[in-house]
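Novice: Give the three-dimensional model of this entry:
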Amino acid sequence: AADPGTAADPGTAADPAPSAGPEPSPRAADPQEPAPEQDSGQEPAPAHDEHPLTSYVLRVNGADRPVTDAWIGESLLYVLRERLGLAGAKDGCSQGECGACNVQVDGRLVASCLVPAATAAGSEVRTVEGLAVDGQPSDVQRALARCGAVQCGFCVPGMAMTVHDLLEGNPAPTQLEARQALCGNLCRCSGYRGVLEAVQEVVAEREAHVEAEAPEGEEARIPHQAGPGAGGVHASAFDNTAPNEHPYGQDGGQA
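Specialist: Residues are numbered from 1 along each chain as shown. A predicted model of the protein is given here:
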C-alpha cells in the first residue's frame, strides 16, 4: 500500500480534464417570434381613427357658417361657442337639464348640448344672437332687462330663447302656461318672478301694437239674419196664417 505521505509519482499522468461538449448549434427560430418584415414596396395600411373628422355647413341666424375638420361627435353647443364664436348659449350641465344652451333648430326649441352639430347641417339654427332686430335687442330681451330678470346673466340667454319660442306658438299664454314653458330653465338668482312679468309685458305690448295698426273707422260686420219666410222656408208656408200662429219660429225652426 502506498504511503499516504509519499508524493505522487511525477511520471504518473494526471487525470485528464473533462472534455468540452460539442459546440451549441445556432438557436432555432422561435415559432412565436414574428418574422422580420420584408420591404414589399407597399405603404402600410393606416391605423383605425377613433375620432374621424368631417366638414359641413351650418346655417346660423340666416347665414351659412362653414365648419371644417371637426370631430364628428362635437355637440352643436361646442361648435357654436368654440368654432363659430357665438357664446350666447351657455354650458350649464351638458345633460340637457338646465336650459342654458337652448337654441332653435328648424323652429323647434332644443338643448344644443345634446344635438350633434353634424346632424344640424342643412337646418336653420337660431341662437340668442339672432333675436335682435336691426341691431337692437328684441322686445323679449328688453322686457327681461326692464323686469329685473337678468341677474348673473348665465341662464338668461336660454330663457330668452324659451320665451320667444313660447310666444311664437302661443301669443297670449296664461301665467300657468308661461310657468310650464319655463320649467326647463333653471335659475339660481332671479326667482322667475321677473321672467313671468316680462312675458306679460311683451304680450301687452304686442296686443297694443296690433290694435294701433288696425284700420280706423271699420266697423265689425254683422251677418244679415233672414226674416220669416226667407231662407229654407218658402213664403207660401205662412199664407193665410194669423200673426203669431204659424208653426215655425223666426229662425225657421219649430217654435
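
Novice: Next, work out how far apart the residue lying closest to Ala172 once chain neighbours are set aside and Val156 are.
Specialist: In this structure, Ala172 finds its nearest non-sequential neighbour in Val203, 5.4 Å apart by Cβ to Cβ, 6 or more residues apart in numbering. Every C-beta, even on glycine, is put in place using the N, C-alpha and C of the backbone. Here Val203 is placed at a distance of 19 Å from Val156 (Cβ to Cβ, to the nearest Å).

Novice: Please say which of the two ends up with more neighbours.
Specialist: Remark: of Val203 and Val156, Val156 carries more neighbours, 25 against 18, as counted by other Cβ atoms under 10 Å.

Novice: show me where the stretch 51-200 of the chain has strands.
Specialist: Taking DSSP state E, counting those that start in this stretch as the criterion, the stretch 51-200 of the chain carries its strands at 53-60, 63-71, 102-105, 108-111, 124-126.

Novice: partners of the second one, with directions?
Specialist: Strands that pair with strand 63-71, judged by DSSP bridges, come out as strand 53-60 (antiparallel).

Novice: Same check on the last one?
Specialist: Strands adjacent to strand 124-126 in the sheet, as given by DSSP bridges, are strand 53-60 (parallel), strand 102-105 (antiparallel).

Novice: that older thread, I'd like the strands of the stretch 51-200 of the chain as a markdown table, with mean neighbour count and distance to Leu84 appended.
Specialist: As requested, the strands of the stretch 51-200 of the chain are exported to a markdown table (neighbours: other Cβ atoms under 10 Å; distance: least, Cβ to Cβ, whole Å):
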| stretch | mean neighbour count | distance to Leu84 |
| --- | --- | --- |
| strand 53-60 | 16 | 7 |
| strand 63-71 | 12 | 5 |
| strand 102-105 | 24 | 12 |
| strand 108-111 | 18 | 17 |
| strand 124-126 | 21 | 10 |
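
Novice: how about low-confidence regions in the stretch 101-250 of the chain?
Specialist: Residues of the stretch 101-250 of the chain that meet the criterion pLDDT under 70 lie in 217-250.

Novice: ok so, going back, out of the strands paired with strand 124-126, which is closest to Asp134?
Specialist: With Cβ to Cβ as the measure, strand 53-60 is the member of these nearest Asp134 (18.4 Å).

Novice: List the contacts of stretch 143-152.
Specialist: For stretch 143-152, contacts defined as Cβ atoms under 8 Å, 6 or more residues apart in numbering pick out 137, 156, 159-160, 163, 187-190, 194-195, 197-199, 201-202, 205.

Novice: Contacts for stretch 111-123, please.
Specialist: Contact with stretch 111-123 is made by 54, 56-59, 67, 70, 72-80, 89, 91, 93-96, 99, 101-103, 105-106, as judged by Cβ under 8 Å, 6+ apart.

Novice: Could you do stretch 71-86 as well?
Specialist: If you take Cβ under 8 Å, 6+ apart as the criterion, stretch 71-86 is touched by 51-54, 58, 60, 65, 67, 70, 87, 89, 91, 101, 103, 105, 110, 112-118, 120, 125, 127, 129.

Novice: quick one: buried residues of that stretch?
Specialist: Under the neighbour-count criterion of 16 or more other Cβ atoms under 10 Å, stretch 71-86 has 74-81, 83-84, 86 buried.

Novice: From the residues you listed, which land in helices?
Specialist: Under the assignment DSSP state H, these contribute 76-78 to helices.

Novice: So which of those residues is the closest to Gln141?
Specialist: Leu77 (20.2 Å).

Novice: pLDDT score for the closest one?
Specialist: We note a pLDDT of 98 for Leu77 in this prediction.

Novice: Also the one 5 residues further on?
Specialist: Reported pLDDT at Glu82 in the predicted model: 97.

Novice: before we move on, back to that, my guess is the residue nearest to Ala172 contacts Pro173. True?
Specialist: Yes. Under the criterion of Cβ atoms under 8 Å, Val203 lies in contact with Pro173, with a separation of 7.3 Å.
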